[in-house]
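**Student:** Next comes the sequence, and after it the predicted model I'd like to discuss.
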Amino acid sequence: MLGIAVDNATIQRWVFKFAPLIESQIKKRKNRVGASWRMDETYRKVKGIWCYLYRAVDKLGNTVDFLLTKRRQRMSAQSFLIKAINNNCRPTLINIDKSG
């Protein structure tokens, strides 16, 4: 493209350095979500690899948060819920699908 050679380690350092800054700016601009959430888990193919998608949406369909993992683990779902509550308000009601 432009003929600039950048090492993979350099790009990884940039991601570690700038990802938290980008995330904090996104949080400031994010709309408030409702107090009633719907959470579900599904199995999706992403770039040819099957992954578990955990997501939470509010009553109006606005995305509260999501998590994509390779394995289905209780700790993944629990950490997802804790992160969603910390990044948003504490919900008054959470509806969960019938999965374990």
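**Tutor:** Everything's here; your move. Residues are numbered from 1 along each chain as shown.
**Student:** which intervals of the protein have sub-threshold pLDDT?
**Tutor:** 1, 98-100 (pLDDT under 70).
**Student:** Please enumerate the helices of it.
**Tutor:** Assigned by DSSP state H, the chain shows helices spanning 8-29, 74-87.
**Student:** what sits up against the shortest one?
**Tutor:** In this case it means helix 74-87. Contacts to helix 74-87, defined as CB atoms under 8 Å, 6 or more residues apart in numbering, come from residues K27, W37, M39, E41, Y52, Y54, A56, V64, D65, L67, T69, P91. All C-beta spots, glycine's among them, are computed from the backbone N, C-alpha and C.
**Student:** can I get the residues you listed in a markdown table with distance to D97?
**Tutor:** A markdown table is the format used below for those (distance: CB to CB, whole Å):
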| residue | distance to D97 |
| --- | --- |
| K27 | 27 |
| W37 | 12 |
| M39 | 7 |
| E41 | 7 |
| Y52 | 13 |
| Y54 | 11 |
| A56 | 11 |
| V64 | 15 |
| D65 | 16 |
| L67 | 15 |
| T69 | 17 |
| P91 | 16 |
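**Student:** Which among these count as buried?
**Tutor:** Buried members of these, counted by 16 or more other CB atoms under 10 Å: W37, M39, E41, Y52, Y54, A56, V64, D65, L67, T69, P91.
**Student:** show me what contacts the second one?
**Tutor:** Residues in contact with M39, defined by CB under 8 Å, 6+ apart, are Y54, R55, A56, L81, I94, N95, I96, D97.
**Student:** mind running it again at 7 Å?
**Tutor:** If you count contacts by CB atoms under 7 Å, 6 or more residues apart in numbering, M39 has them with A56, I94, I96.
**Student:** Quick check on N88: phi, psi?
**Tutor:** Here is the backbone geometry of N88 (degrees, to the nearest 10): phi -130, psi -160.
**Student:** Pretty sure it sits against N31.
**Tutor:** No - taking contacts as CB atoms under 7 Å, N88 lies outside contact range of N31: 10.2 Å.
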